[in-house]
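Trainee: Turn this into a model:
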Amino acid sequence: MHQKWSKTTEVEVASNKLSFYIETIEVNQLSPLAFYAAGEQQYRGERFFWQNREKTLTIVGLGQAIVLENNKNGQRFYDIEHQWKELTKNIVMEEQEPQPILFGGFTFDPENKENGEWNDFPQSYFTVATFQLIKQHEKTYVSIHLITEQQDSSIHFEKLREERDRLIHAAQVKELKTYEKPKIHSIHERNKDYYFHAVENVTHLIQKNEADKVVIARSLELDFKDALSSPQIIYQIMNEQPESYLFGLERKNLLFFGATPERLVKVKNQYAYSACVAGSIKRGKTAEEDKLLGEQLLSDSKNLKEHQYVVDMIENIFSKHCEEYKVPKRPKLLKIRDIQHLYTPVEGKLFNHATILQLVEHLHPTPALGGVPRNKAMEIIREFEKMNRGLYAGPIGWIDADGNGEFAVAIRSAALIDKKAYLYAGGGIVADSNPMTEYEETLVKFRPMLRALGGQFNE
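Mentor: Numbers count the residues shown, from 1 in each chain. All right, here's what the predicted structure looks like:
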């Protein structure tokens with residue numbers, strides 16, 4: 001197994017009778033995806049996968065040491081943060097030591113009541129994995145987490161060690177496995193005609209000054225001949241979208257996965273980093289066409305206006321949570337495989353009392369996902385969208401015991417349930433929006449997930 005380093009920690013959980021046992025080993029030659037796949041039989045519905053855009057951090061979770069979930073509307077961010085602090089306040093780790101990770105996401109809109117694939121999903125869903133893999137700076141660590149009321153858990157922990165060793169061995173054997181592309185049986189555009197009607201109606205509302213911008217999304221429903229596996233899907237998005245954040249989160253029979261270009265917020269050692277990503281255009285077929293399209297985007301008034309809404313909002317949030325912060329005056333281009341975006345990075349030094357989940361709560365939803373003004377835009381979305389976004393366009397990511405972490409915006413994403421996949425895409429509606437142009441923009445945004453799932457549509 002090539003184990004190089006090992007450490008076991010036991011801490012008492014504050015204001016509780018629980019103990020939190022952590023054991024971490026360093027392992028050579030272990031593929032995160034193979035480790036994820038090793039849990040296919042035993043831990044389906046209890047796994048997660050995360051890889052940052054820079055590919056410097058990959059986190060995999062198998063099994064559930066604990067689940068934190070709620071349906072508390074206005075209190076949902078605070079509730080998760082409070083529970084996590086209670087669980088971890090006595091944990092003291094050395095600086096380079098891998099920490100327990102809380103991974104999960106918040107649904108886009110807790111007030112959405114539309115029926116569909118997200119019916120029984122909680123507003124907040126987070127988990128600490130029983131078996132956690134972290135690959136960072138070319139080093140790979142596997143941790144066991146046990147949170148229990150038992151006074152003597154030595155027998156239980158020994159069984160977990162055996163299971164960890166089995167998973168690592170299985171992953172090392174499966175190292176080179178490749179997966180075929182899925183075969184789509186049919187593609188159905190849900191509420192297509194209604195989408196055009198919604199864009200027209202929302203445009204009229206904006207022209208009457210009821211809002212400045214509203215993001216309207218729609219979905220595709222895909223049917224497959226055979227059931228798909230989560231590792232098969234993660235493998236495809238890793239190959240298709242290497243320049244994005246990659247994520248997969250399982251709960252029961254649902255896998256939510258995606259490849260998003262957009263960071264919501266990252267916090268490391270009390271410094272916060274966010275990204276304004278709004279305004280987009282397709283990639284060119286040649287380098288010359290691509291350059292021209294990029295220049296067109298950088299000078300397009302509609303896209304620049306849409307982008308500025310996001311910059312203004314994120315700058316406003318940072319001004320309230322940071323001692324100091326900086327925002328570039330002009331956007332640059334963020335180019336990914338199918339699309340290029342206007343992009344402005346924002347960073348700042350947090351006040352001592354500020355936390356990552358406070359930032360997530362105040363930043364979500366940005367004007368790139370909801371609209372301007374926020375509350376009115378959300379009302380309009382509830383009236384005209386006719387679907388439940390679930391985790392789509394919501395914050396998804398992780399926090400460690402020190403309060404460091406990173407959340408991405410879960411766009412370019414899909415939900416997989418058995419032999420069906422639901423893909424989501426949206427665009428910002430403003431006063432001069434054209435329904436057909438907006439429709440075509442969603443087609444471009446569907447491409448990353450469609451391609452990963454083995455299909456093409458109107459390309």
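Trainee: Let me know the average pLDDT across whichever strand or helix holds Ala275.
Mentor: Element membership for Ala275 (DSSP states H and E) is strand 271-282. Strand 271-282 shows a mean pLDDT of 93.
Trainee: can I assume Tyr392 sits in a helix?
Mentor: No - counting by DSSP: H, G, I helix; E, B strand; the rest coil, Tyr392 falls outside a helix, being coil.
Trainee: In space, what's closest to it - neighbours in sequence excluded?
Mentor: The spatially closest residue to Tyr392, leaving aside those adjacent along the chain, is Tyr424, at 4.0 Å (Cβ to Cβ, 6 or more residues apart in numbering). In short, each C-beta sits where N, CA and C put it, glycine included.
Trainee: where does the residue lying farthest from the centre of the chain land in three-state SS?
Mentor: In the chain, counting by Cα atoms, centre = their mean, Asp152 sits farthest out from the average C-alpha position, at 37.3 Å. Following three-state DSSP, we place Asp152 in the coil state.
Trainee: quick one, what contacts Gly61?
Mentor: Gly61 is in contact with 47-49, 101, 103, 127-133, counting by Cβ atoms under 8 Å, 6 or more residues apart in numbering.
Trainee: Closest one of the residues you listed to Phe77?
Mentor: Phe103 (15.5 Å; Cβ to Cβ).
Trainee: Touching, the closest one and Leu249? I think so.
Mentor: Yes - using Cβ atoms under 8 Å, Phe103 is in contact with Leu249, at 7.3 Å.
Trainee: The spatially most central residue of the chain and Leu30, how far apart?
Mentor: The centre of the chain sits closest to Ile396, judged by Cα atoms, centre = their mean, with a distance of 3.4 Å. In this view, Ile396 and Leu30 are 24 Å apart by Cβ to Cβ, to the nearest Å.
Trainee: Pull up the overlap in contacts between Phe103 and Leu249.
Mentor: Contacts common to Phe103 and Leu249, judged by Cβ under 8 Å, 6+ apart, are Phe48.
Trainee: In which helix or strand does the residue nearest to Tyr392 reside?
Mentor: Using DSSP H and E, Tyr424 falls in strand 420-429.
Trainee: and the residue nearest to Phe121 when sequence neighbours are not counted, what does it touch?
Mentor: Nearest-residue entry for Phe121: Gly390, 5.8 Å, with adjacent residues in sequence omitted and distances by Cβ to Cβ, 6+ apart. Contacts for Gly390 (Cβ under 8 Å, 6+ apart) come out as 107-108, 116-118, 121, 256, 415.
Trainee: rewinding a little: which of the residues in the strand holding Ala275 are buried?
Mentor: Across strand 271-282, burial judged by 16 or more other Cβ atoms under 10 Å covers 272, 274-282.
Trainee: What of stretch 391-407?
Mentor: Applying 16+ other Cβ under 10 Å to stretch 391-407 flags 391-407 as buried.
Trainee: For stretch 293-308, list every residue counted as buried.
Mentor: Here stretch 293-308 shows 293-294, 297-298, 303-308 as buried, counting by 16+ other Cβ under 10 Å.
Trainee: now swap in stretch 22-29 and tell me
Mentor: Buried-residue list, stretch 22-29, by 16+ other Cβ under 10 Å: 22-27.
Trainee: Among those residues, which lie within helices?
Mentor: Secondary structure assignment (DSSP state H) places none of the buried residues of stretch 22-29 within helices.
Trainee: In a markdown table: the residues you listed, plus pLDDT and distance to Ile234.
Mentor: Formatted as a markdown table, the buried residues of stretch 22-29 follow (pLDDT from 0 to 100; distance: Cβ to Cβ, whole Å):
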| residue | pLDDT | distance to Ile234 |
| --- | --- | --- |
| Ile22 | 92 | 26 |
| Glu23 | 92 | 26 |
| Thr24 | 93 | 23 |
| Ile25 | 94 | 24 |
| Glu26 | 94 | 23 |
| Val27 | 95 | 20 |
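Trainee: Per-residue pLDDT of Trp50, please?
Mentor: Value for Trp50, per-residue pLDDT: 99.
Trainee: Just to be sure, it is in a strand?
Mentor: Yes - counting by three-state DSSP, Trp50 is found in a strand.
Trainee: Next up, the contacts around it.
Mentor: Per Cβ under 8 Å, 6+ apart, neighbours of Trp50: 57-60, 103, 245-247, 397-398.
Trainee: any weak-confidence spans in this protein?
Mentor: For the chain, applying pLDDT under 70 flags the ranges 1-12, 14-16, 95, 175-177, 456-459.
Trainee: quick revisit: what helices and strands are in contact with the strand holding Tyr424?
Mentor: helix 192-207, strand 213-224, strand 413-417, helix 435-452 (3 or more Cβ pairs under 8 Å, 6 or more residues apart in numbering; DSSP states H and E).
Trainee: now the ones you listed in TSV, with distance to Met313?
Mentor: Formatted as TSV, the helices and strands packed on strand 420-429 follow (distance: least, Cβ to Cβ, whole Å):
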stretch	distance to Met313
helix 192-207	17
strand 213-224	11
strand 413-417	22
helix 435-452	21
